[in-house]
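Following is a predicted model, sequence given first.
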Amino acid sequence: MTGLVRAFREGILGLWRTGMVGAISLVTTAASLLVLAVFGQVVAGVYALAESLRARAEVEIYLKDGQSRRRALALARGLEALEGVAEVQYVDKEAAALEFRDMFGGGMLDALSQNPLPASIRVRLAGGGNLAGRARAVADAVSGRREVEGVDLGDQWLASLDRFVQVCVWTGIVLGGVLCLACAFAVSNTAKLMVLAQREAIVVMRLVGATGAFIRVTFLLGGAVQGLAGGLLASAGLWFGEAWWMTWIPELTPISPFYSIAGVLGLGTLLGVAGSWASLSRVLHAVAWR
Amino acid sequence: MIELQHVWVERQGRTILADVDFEIARGEFVYLVGPTGAGKTTVLQLILFEERPNRGMVFVGEFDSQTLREQDLPSLRRKVGVAFQDFRLLRDRTVYENVAFALEVTGAPHAKVKRRTLALLSNVDLMHKRASYPDVLSGGEQQRVVIARALANDPFVLLADEPTANLDPEGTDRVMEIFSEVNARGTAVIMATHDAALVTRYRRRTISLVDGRLQAERKPA
């Protein structure tokens, strides 16, 4: 137990003792983790925004004047059974007029002798997958029906939204992968630098009879502390960054701060340990005589 | 206690030690002398098992070069203290911390670390400098810190590689006095040096090496 406490203390003091090298390592670790975390948040936010738009995707089927409510509801029930349809709503002429008044005021409608707005069936599509394809399937299901006047697919923007989500996903995977590798490289290399900066202490440790396990634990804990400290700095940056960002683009709902901070701390610690581990084997066999 | 039996060491096709054979008893004080490149440091490296012989055997206490495993090295090194010409002190630690470090890394309890470190610093007359950093000490003082550190785990032998090479006459005398005191308390001292005057002044058993071969051995009168 004493040995573990000493190893932990040595690990923490090691950061302090390396002075400028330690400070630079810490800042590099924090910056790498912060860049990765911000990127993750942006991708997650954009993806969440796109998903919320997709959840609102709908097809409007306009009905010919004079259709009975019974026929319209029968058509709506048929559409409800289609795959990929989340909700179907019948909007009669009066309801359409009310909506129009809510959005644009009543002036234009009042000037007319009768309500020109058609009744419609509004089909809300389920989110995910190929939205444009599902919208077309709904249109195909009502094509040729004599009660249908026309269909507003909105397929152009749905197709654009589909493309946008795909680009987001692939950009996230590719750029995120590259950033992950760069972050792993930067953090583990700074951990290596810390071990190398304390090469002399390792030589003395071996010289006075420290066991390999003690030396390893000391420097692995040092790497963990370095990664964790960098993660804490990055988390602080992320926290304040998010507060600022949310005031500008509140639609971009970020990942819960708990998960993002836990992820940054965990990743920082893991990479710090990995970097120390990688460099230790080189230094552990350094000889005492120069 | 320490024995080299017909030891040969070769590096990159070059013979560093050739058929070196001697024995050192518990509590002896021995000089290893010879010009630069004679193989003195290699002998010390063999005793610390930083180097293994290509042929022959090295015995240090209960350890020998044929059966010693990597995991046995910490046990051996707690019984063999080392002092270097260039000190090898940790510049970012105080005198006290440098000496205590040798005990801490072996898992000694805190109270023992403190008690033993202060006693060692007192033995080498450096109590008043315990809070100083190595860079503000003279060469002689630094070497005394190194000796205190080397003695921290109460070794049965102290190896010293040209410990007085960078010291002024006063510092040299003080270091030699400390070595004599350490030796008088039962710790063997093996000191590599090429300072003939020193060997003449403080007469002890002397093992002479030239070009990696044992040349002569002189016992003190």
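Done, it's in.

I'd like to know how many residues surround the closest residue to chain B within the stretch 51-200 of chain A.
Residue nearest to chain B within the stretch 51-200 of chain A (Cβ to the nearest Cβ): A:E200, separated by 6.3 Å. The way it works is simple: take the backbone N, C-alpha and C, and place the C-beta from them, glycine included. When neighbours are defined as other Cβ atoms under 10 Å in any protein chain shown, A:E200 has 15 of them.

Please apply the same query to A:L36.
As a burial measure, A:L36 scores 23 neighbours (other Cβ under 10 Å).

So for the residue nearest to it when sequence neighbours are not counted, what pLDDT did the model give?
Take A:L36 and drop its neighbours on the chain: the residue closest to it by Cβ to Cβ, 6 or more residues apart in numbering or on different chains is A:C183, 4.5 Å away. Per-residue pLDDT puts A:C183 at 76.

I figured A:C183 hits A:V35, correct?
Yes: at 7.1 Å, A:C183 counts as touching A:V35 under the criterion of Cβ atoms under 8 Å.

Among the two, which residue is more densely surrounded?
Neighbours per residue, other Cβ under 10 Å: of A:C183 and A:V35, the larger number sits with A:C183, 23 against 16.

can you give me the helices for the chain?
Using chain A. For chain A, the helices defined by DSSP state H cover A:2-17, A:19-55, A:69-80, A:93-104, A:107-111, A:131-142, A:155-197, A:199-207, A:212-248, A:257-284.

That was the other one, I meant chain B.
Using DSSP H, helices in chain B cover B:40-47, B:73-77, B:95-104, B:110-123, B:139-150, B:169-184, B:196-201.

would you turn those into CSV with mean neighbour count, distance to A:K192 and mean pLDDT?
Output for the helices of chain B, formatted as CSV (neighbours: other Cβ atoms under 10 Å in any protein chain shown; distance: least, Cβ to Cβ, whole Å; pLDDT from 0 to 100):
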stretch, mean neighbour count, distance to A:K192, mean pLDDT
helix B:40-47, 24, 28, 94
helix B:73-77, 19, 24, 92
helix B:95-104, 25, 23, 94
helix B:110-123, 16, 30, 95
helix B:139-150, 24, 28, 94
helix B:169-184, 17, 38, 93
helix B:196-201, 13, 43, 90
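
can you put the ones you listed in CSV and add distance to chain A?
Converted to CSV, the helices of chain B look like this (distance: least, Cβ to the nearest Cβ, whole Å):
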stretch, distance to chain A
helix B:40-47, 6
helix B:73-77, 4
helix B:95-104, 4
helix B:110-123, 7
helix B:139-150, 7
helix B:169-184, 16
helix B:196-201, 21
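
Any idea which of those helices gets closest to B:V157?
Proximity to B:V157 (Cβ to Cβ) singles out helix B:40-47 among those, at 7.3 Å.

B:E10: what's it in contact with?
Residues in contact with B:E10 (Cβ atoms under 8 Å, 6 or more residues apart in numbering or on different chains) are B:I16, B:N54.

From B:E141, how far off is the nearest residue to A:L228 once chain neighbours are set aside?
Nearest non-adjacent residue to A:L228, counting by Cβ to Cβ, 6+ apart: A:T269, 4.8 Å away. Remark: distance between A:T269 and B:E141 (Cβ to Cβ, to the nearest Å) = 41 Å.
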